[in-house]
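Participant: here is the input, now give the coordinates:
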Amino acid sequence: MILPFVLVFMLVTPLAAIFVSQRTQQLMAPAVGALDLARPVRGDAGLRGSTVAWRHLWPLVRLESVRLVRHPAVYLVAIPFTVVNFFQLEGSEVLVLDRDDVSLAVLLAPYGWGVLIASNLLTLRSRRWRSEELLATLPVPQRSRTAAHLIAPLVTLPGAAVLLAGWFALAARSDHVRGTARPAAVLAGVLIVVGGGCVGVAVARWLPRPLFGWLAVIATIVLQVNFGALDPRWRWMHFSVYAAETISYPRLAPQHHEVHLLYLAGGVLLVAAVALARDGLDRRSGALGGTALTVLLVTGAVQTAPLAEPDTALFVTHLEQPGIGQTCRPAAGVTVCADPGFEFAIDWWTEPVAGVLRRVPDAARPADLVIRQRARVDARALLHPEIASAVDPAVAWPDDREVSVSDRWRLAAPGDPDGPGRVQLALAYRTASALVGLPPDAWWSASSRGSAAWATVPLAAGGERNEPVRGPLVQCDATGDGRAVVAAWLAGQATPAARAELRRRAGEVVARQWADTPVAFDPVDNYLTGLPDVLPEQGAVPSGGEILAATALLDLDDALVAAAFADRWSELVAPGSVPTATVLGWLGSDPSRARAAVAATAPRFDPEIDPDADTDPPVLTGTCPRTRR
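Facilitator: Here you go, the predicted model:
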C-alpha cells in the first residue's frame with residue numbers, strides 16, 4: 001500500500017527541490033535582478049585558491065551546516081525510503097543481525113542521497129543566484145568556502161544516529177530482528193552519509209550544474225551494484241558490502257569491517273581533496289589527497305589480498321564440518337543444530353519436525369536423526385577461489401541421512417500469513433523423506449578436492465529460460481513412488497501453516513497441469529526463470545501427482561491415515577516398489593479420484609498474477625534409490 005506514495009515522492013522530489021530553491025533565491029535577493037554578462041565573472045585565481053584561518057572559517061561552517069539541515073532535498077529524498085525500510089521490520093523475513101547488519105547501510109543510503117543533492121545545490125547557490133562576482137570581492141576566498149561546504153556534512157551525523165536509534169528501538173520491540181549488530185558494519189552507513197555530502201560538493205565544483213548532482217546519485221547506485229558487487233573479494237571495494245547472498249555466509253569468508261571503515265574514510269578524504277583541487281593544488285590539499293590515496297590503496301590491498309593457507313583451511317573446515325561451533329539441542333526426538341546467532345531458530349525448526357514425528361510409528365523414529373544448518377553456496381560466485389579449490393563438495397553436501405537447513409532459507413517471521421507454511425512444509429518434507437528412506441537433501445556425487453572443478457560446473461545453461469542442466473549435484477525423481485505420497489502427507493499435516501501451503505501447491509499443480517511434472521518444496525525460489533546460479537536443495541522430488549494424492553489424504557482423519565500407514569510401514573520402506581496407487585488403495589482411493597477431489601477443493605491459482613508464476617521445474621538425475629545407506 002505504501003509503494004504508490006513512495007513513487008510519488010520520487011517523482012515530485014526534483015520539482016519540489018527546484019521550486020524551494022528558486023523561492024529562496026527570490027526572498028534572499030529580491031532587488032539584485034538579472035545580470036546580463038557576456039561571460040561569468042570570477043575572482044582572481046590567487047584569491048580563489050587562498051585560505052583563511054579557522055576562526056574566520058568557523059562562522060561560515062556553522063551557516064552552511066544550518067542551511068544543509070534545513071534544505072528540503074534531504075527530507076524529500078530520505079523520508080519515503082526510510083519509511084519503507086522501517087515498514088520492512090514487520091515484513092515476512094527475520095533479520096539476523098550477526099550477518100544482516102550490513103544491510104543497515106541501505107537504511108542510511110537514502111539519507112546520504114538527500115545530503116548529496118542538498119550539498120550540491122547549496123554549493124551551486126552563488127552560481128544559480130549569479131552572485132559569484134560579488135563573493136569574489138569578499139575576504140573569504142572560494143577555497144575556504146569549499147572547505148566550509150565539505151565540513152558541513154558532519155552536521156548530518158546526529159540525523160544518522162537518530163535514524164539508527166529509531167530503527168533499533170523498533171527492532172527491539174519486533175520479533176523480526178534477532179542477534180547483535182557489529183559496530184563497524186553499522187558505522188559504515190554513517191560514513192556513507194558524510195561521503196554523500198562531500199561528493200555533492202565535489203561535483204558542484206567540477207560540474208557546476210544541478211543536473212549533475214542527480215546524476216551523481218545514479219552513479220553511486222551503479223557503482224554499488226556492479227563491478228564485482230557479489231564477489232566475496234571485490235565487494236569490499238564498494239561503498240557498502242551489502243551484496244545479496246554473499247552476506248549469508250559470514251563464516252566462509254574473511255570479514256574486514258573495521259578495515260572497511262578506514263577505506264571509506266580514505267574515500268571521503270580523497271573526494272574532499274578533489275573538491276579543493278578545483279581552485280588549485282596547494283600543499284595542504286595535496287597532502288590531504290596523498291594521505292587519502294595511501295589509505296585507500298593500503299586498505300584496498302588488505303581487503304582484496306589472497307587468503308593465507310591457515311585462513312583457507314579454517315573456512316574449508318566450516319564448510320565441510322558445519323557442526324564445529326554449532327549449538328545442538330535435543331528436540332522432539334531428534335537433534336537440531338544451528339549456527340552461532342541462529343540458536344533462536346531451533347524452536348521454529350522443531351515445530352514441523354515434531355509434527356511429522358507424532359504421526360509415524362515409534363519404531364520408525366531413528367535415534368540419530370540430525371537436523372543441521374548447512375551452507376548451500378554456489379562456488380562460482382560466492383566463494384574465494386582458494387576455498388573453492390580446497391573444498392570437496394561431496395563432503396560439504398554428503399549423501400547421508402542428516403536433514404539440512406540451508407543458510408539461504410528465508411526465515412519466515414512469526415505472524416507472516418504465507419512465509420511459515422513454505423518453510424515448514426519444506427523442512428517437514430525433508431524430515432519425512434529421511435524417515436521413509438528417501439534422500440532428504442540434494443547431494444554431490446563426484447569428488448573434486450584439490451581442484452576448482454566444482455566452481456566451474458555449469459548448474460544452468462544459457463538461453464531464454466536458463467534451464468538447469470544435469471551435473472554432479474543430484475536430485476532424484478520420486479514420481480510414482482508411494483513413499484513420496486507418505487512423506488508429502490506427513491509434511492502437510494505437520495502444522496496448520498504447512499497444511500495450507502500443501503493445498504496451495506496442489507492448486508498450482510491443477511492450474512498448471514503439472515500432474516506428471518516434478519515439483520519441489522524448496523523454500524527459496526531456486527527454480528525461478530532467469531536465475532541460473534542458485535542451487536537446488538531438496539533430494540527426492542515428487543511429481544504433481546504425488547502432491548495431489550497427499551493433498552487428498554488431508555481431507556481424511558489424520559489419525560486414521562497415520563494408523564493405515566503404521567500397519568504397513570515395513571512394507572512401505574522395504575526394498576521393492578510401493579506405487580502411489582497402492583498407497584491410495586490402502587485408504588480406499590485411487591489417483592483419478594484424488595485428482596478430482598483436489599481439483600474441486602484446492603485454492604484457486606492464477607499463473608498470470610501469482611508472483612511465483614515464472615518458474616521452471618527441477619531437472620532430475622534419476623530415480624530415487626530404494627534403500628538408503
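Participant: all strands for the stretch 351-500 of the chain, in order.
Facilitator: Assigned by DSSP state E, counting those that start in this stretch, the stretch 351-500 of the chain shows strands spanning 370-374, 403-406, 443-444, 473-474, 476-477.
Participant: just these: most buried one?
Facilitator: strand 403-406 (a mean of 25; mean count of other Cβ atoms under 10 Å). C-beta here means a position set from N, CA and C on the backbone, and glycine is covered the same way.
Participant: now for that one, which elements pack on it?
Facilitator: strand 370-374, helix 419-436 (3 or more Cβ pairs under 8 Å, 6 or more residues apart in numbering; DSSP states H and E).
Participant: let's see 10 Å
Facilitator: In terms of contacts (3 or more Cβ pairs under 10 Å, 6 or more residues apart in numbering; DSSP states H and E), strand 403-406 is packed against strand 334-338, helix 345-357, strand 370-374, helix 419-436.
Participant: would you mark the buried spots in stretch 490-500?
Facilitator: Along stretch 490-500, these residues count as buried under the neighbour rule (16 or more other Cβ atoms under 10 Å): Leu490, Ala491, Gly492, Gln493, Ala494, Thr495, Ala497, Ala498, Arg499, Ala500.
Participant: what about it, distance to the chain center?
Facilitator: 28 Å (Cα atoms, centre = their mean, to the nearest Å).
Participant: again with stretch 175-192
Facilitator: With Cα atoms, centre = their mean, you get 14 Å for stretch 175-192.
Participant: what do you get for stretch 479-497?
Facilitator: 31 Å.
Participant: start to end distance for that stretch?
Facilitator: 25 Å (Cα to Cα, to the nearest Å).
Participant: stretch 558-577 too?
Facilitator: 24 Å.
Participant: ok so, going back, with the buried residues of stretch 490-500 in mind, which one is nearest to Trp58?
Facilitator: Ala497 (61.0 Å; Cβ to Cβ).
Participant: so that closest one sits against Ala426, correct?
Facilitator: No. When contacts are counted by Cβ atoms under 10 Å, Ala497 is not listed as touching Ala426 (11.5 Å).
Participant: who touches both of these two?
Facilitator: Pro352 (Cβ atoms under 10 Å, 6 or more residues apart in numbering).
Participant: count the neighbours of the residue nearest to Gln493 when sequence neighbours are not counted for me.
Facilitator: Among residues not flanking Gln493 along the chain, Asp558 sits closest, at 5.1 Å (Cβ to Cβ, 6 or more residues apart in numbering). By the criterion of other Cβ atoms under 10 Å, Asp558 has 16 neighbours.
Participant: can you point out the buried residues in whatever helix or strand Ala559 lives in?
Facilitator: Element membership for Ala559 (DSSP states H and E) is helix 558-567. Neighbour-count burial for helix 558-567, with 16+ other Cβ under 10 Å as criterion, is recorded at Asp558, Val561, Ala562, Ala564, Phe565, Ala566.
Participant: could you do stretch 287-303 as well?
Facilitator: Leu288, Gly289, Ala292, Val295, Leu296, Thr299, Gly300, Gln303.
Participant: could I get that stretch in CSV with only the CA atoms?
Facilitator: C-alpha atoms of stretch 287-303 as CSV (Å, rounded to 0.1, in the frame of the first residue of the first chain):
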residue,chain,number,x,y,z
ALA,A,287,48.9,16.3,1.4
LEU,A,288,45.2,15.5,2.1
GLY,A,289,44.9,13.8,-1.3
GLY,A,290,48.1,11.9,-0.9
THR,A,291,47.2,10.7,2.5
ALA,A,292,43.7,9.7,1.4
LEU,A,293,45.0,7.8,-1.6
THR,A,294,47.6,6.0,0.5
VAL,A,295,44.8,4.9,2.9
LEU,A,296,42.7,3.7,0.0
LEU,A,297,45.5,1.7,-1.5
VAL,A,298,46.6,0.1,1.7
THR,A,299,43.1,-0.8,3.0
GLY,A,300,42.0,-1.9,-0.5
ALA,A,301,45.0,-4.2,-0.7
VAL,A,302,44.3,-5.7,2.7
GLN,A,303,40.6,-6.3,1.8
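Participant: what about that stretch, distance to the chain center?
Facilitator: The answer for stretch 287-303 is 29 Å, by Cα atoms, centre = their mean.
Participant: can you pull out the helices in the stretch 401-550 of the chain?
Facilitator: Using DSSP state H, counting those that start in this stretch, the helices of the stretch 401-550 of the chain run over 419-436, 482-492, 496-512, 544-553.
Participant: identify the farthest-apart pair in the buried residues of stretch 490-500.
Facilitator: Leu490 and Ala500 (15.8 Å).
Participant: is it true that Tyr429 touches Val353?
Facilitator: No. Contact criterion Cβ under 10 Å: Tyr429 and Val353 do not qualify, at 11.0 Å.
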